[in-house]
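Asks: just the structure for this:
(2 chains)
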Amino acid sequence: MLNALLVYIVVIFSNLANTWFGYTFLSQPIFVGTFVGAVLGDITTGITLGGSLELLFLGAINIGATMPQDSVAGTAIATAMVILLGVDQEAAVALAVPVALLGAQWAPVVLTLESFFNPRVTALCEQAEPKKLHALQYLIIAVHNMAASIHVLLGVALIAASGNSGAVEQFIASLPQWLMTGLSTATGFIPAIGIALILNIIWSNKTAVFYWLGWFLAAYLGIPMLGVAAAGVLYCLVNYNFGRTAAPATVKAAGGEEDLFDE
Amino acid sequence: MSEKKNSLLYLDSVDKKVVNETIWRAARVNTAFNYETMQGVAFVNSMAPVIEEYYSDARGHSKQDRITAYLREDGFFNITPQVAPFLACLIASMEKEASMNPDYDVASINGVRAALMGPLSGIGDSLFWGSFKILSTGLAVGYSLQGSILGPIIYFVSYNIPSAIVRHVLPIMAWNGGSQFLRSAAETGIIPLITQYATIVGLMTMGAMTTSFVNINIKLGYTYSGPDGDIAFNVQSLIDSIVPKILPVLFTLWMLNLIRVKHAKPWQIILGIILCSVIGVVLHVL
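Replies: Residues are numbered from 1 along each chain as shown, chains lettered A, B, ... in the order given. Below is the predicted model:
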């Protein structure tokens, strides 16, 4: 139970360290895995899992107000399963996908309930009470962070409670091999969704060629990712110094142009 | 000294306090989020420093002026959190002007707020999600996978240096330049140019990332038993020998099409992938 509380506190810490300081990204899997590993006594496993899950949850980005996958819950619970129960890492990564999908159902409940604070905010504006407004935000922060990670607490408590009885291990072992292999295979595909979701933000017909250029440099010439990024930066510098006259016009055109995929 | 005062980064002691407080409060827009006003609670709170300073009794304003100002800033707000301090300082500078000029068109404050949330989020999303996050992932994940603490450290540092500049330096320029700053930046075309360059670097990195992070392995193939022995034929190695890593790229672009054109929800796609993977494994295709 102590372990479950520790993980709960660590997850709250990660979320707060992210939002409090203006989106430091400390709630990304690469950090959550590391922090959970550190408090559960196996930081190396935490770092490794954090890396794998960072790739898996590349698409767990909150744009607008939707969070398709709860990467924090997925990472914390998968890491706890490996460290506390000795579950195979590959199996834990595979199980993180359904856990994150399930976990994402909790946040909308909390965020809807928090709308109840809004009339109070307006009332404080009507009285011009900045100190009380500030205090109210602290209250909301406390309520939000404690409530938003309850499912992680419950999940890890379940794992910790089964530690002696072996219930979770038995459950995982009882899952058929084809299901686990299928889930593992799916984790190879899922980063594509993450890349696609990010591409969706910046995609335009005109600049699509740069995506293919990145593929070409990596696949045919074997240039590592950072080399490709460096090539991109160099291209931009060359363009800035020698070919800029047309650039602002290009950008204006890019905003209104037809999509490649428009039907 | 006069040169320093003309700098876009110069703040006198009163403004320094106001701006710093505004930046920190606005950086926390996502700490108090709800589905109705989204980041509204934190945003109106981030306006408190400028309202308390420039609409104070000492500056000849009444409590009613402060109430009007607070109510003006209360309500829906949603922006990429990394650029929230920028817009907050821009709005705060307009509030400051409005407090000193009775003829100020206060409707323009909410107008700028509503008009800029979308475009600034667009720039912020492509910079932070499309570029910085991708670069940090590419830099750090390799170390993480080897179990090295360098992974998270490199990720943290490489991501937070550029974002700290956007969070803490650019807002000061927004405060000093006011809406004029944005207009002149738009005229020189520097903002779309930066966005476009970030997009290019992000796209190229993602092209390379696709080849190493997306793993598709088709097991389909057959063994032909000829007179000279068995000849193994495998779809995957055939494809790889002609166009290496094309399957991950095509698959990613298909996902992009599903999201962009078919408006499929990510969870639907994920469930679909799991289902197809399980079927593929059972049929020995994947």
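
Asks: check the burial of the residue in the stretch 101-250 of chain A that chain B sits nearest to by counting its neighbours.
Replies: Going by C-beta to the nearest C-beta, chain B is nearest to residue A:214 of the stretch 101-250 of chain A, at 2.3 Å. All C-beta spots, glycine's among them, are computed from the backbone N, C-alpha and C. By the criterion of other C-beta atoms under 10 Å in any protein chain shown, residue A:214 has 29 neighbours.

Asks: tell me which element it is part of?
Replies: Secondary-structure element containing residue A:214, defined by DSSP states H and E: helix A:208-219.

Asks: same check on residue A:134?
Replies: Following DSSP H and E, one finds residue A:134 within helix A:130-148.

Asks: quick check: buried residues in that helix?
Replies: Applying a neighbour-count criterion of 16 or more other C-beta atoms under 10 Å in any protein chain shown, the buried positions in helix A:130-148 are A:130, A:133, A:136, A:137, A:140, A:141, A:144, A:145, A:147, A:148.

Asks: please parse chain B into its domains.
Replies: Partitioning chain B according to automatic domain parsing yields domains covering residues B:2-117+B:161-194, B:215-282.

Asks: would you list the phi and psi of residue B:218?
Replies: The main-chain torsion angles of residue B:218 are listed as degrees, to the nearest 10 and equal phi -90, psi 120.

Asks: for it, what are its contacts?
Replies: Under the criterion of C-beta atoms under 8 Å, 6 or more residues apart in numbering or on different chains, the contact partners of residue B:218 comprise B:234, B:235, B:236, B:239, B:247, B:285, B:286.

Asks: mind giving me the PyMOL select for those, buried ones only?
Replies: If you want just the buried ones from the contacts of residue B:218 in PyMOL, going by 16+ other C-beta under 10 Å, the selection is:
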select buried, chain B and resi 247+286
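
Asks: and the next helix-or-strand element following the helix holding residue A:214 with helix A:208-219, angle?
Replies: Scanning the chain past helix A:208-219 towards its C-terminal end, the next helix or strand to appear is helix A:225-242 (assignment: DSSP H and E). Here helix A:225-242 runs at an angle of 140 degrees relative to helix A:208-219 (axes from the mean of the first three to the mean of the last three C-alpha atoms, to 10 degrees).

Asks: buried residues in helix A:225-242?
Replies: In terms of neighbour count (16+ other C-beta under 10 Å), helix A:225-242 has its buried residues at A:225, A:228, A:229, A:231, A:232, A:235, A:236, A:239.

Asks: just to revisit the earlier point, who touches the helix holding residue A:134?
Replies: Residues outside helix A:130-148 that contact it (C-beta under 8 Å, 6+ apart) are A:12, A:15-16, A:106-107, A:110, A:113-114, A:117, A:120-121, A:124-125, B:28, B:31-33, B:41-42, B:44-45, B:48, B:51-52, B:70.

Asks: go with 7 Å
Replies: Helix A:130-148 has contacts (C-beta atoms under 7 Å, 6 or more residues apart in numbering or on different chains) with A:12, A:15-16, A:107, A:110, A:114, A:117, A:120-121, A:124, B:31-32, B:41-42, B:44-45, B:48, B:52.

Asks: buried members of those into ChimeraX, please.
Replies: Here is the ChimeraX command that picks out the buried ones among those, judged by 16+ other C-beta under 10 Å:
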select /A:12,15,16,107,110,114,117,121,124 /B:31,32,41,42,44,45,48,52
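
Asks: restricted to helices, list the contacts of helix A:130-148.
Replies: For the contacts of helix A:130-148, the ones inside helices are A:12, A:15-16, A:107, A:110, A:120-121, A:124, B:41-42, B:44-45, B:48, B:52, with DSSP state H as the criterion.
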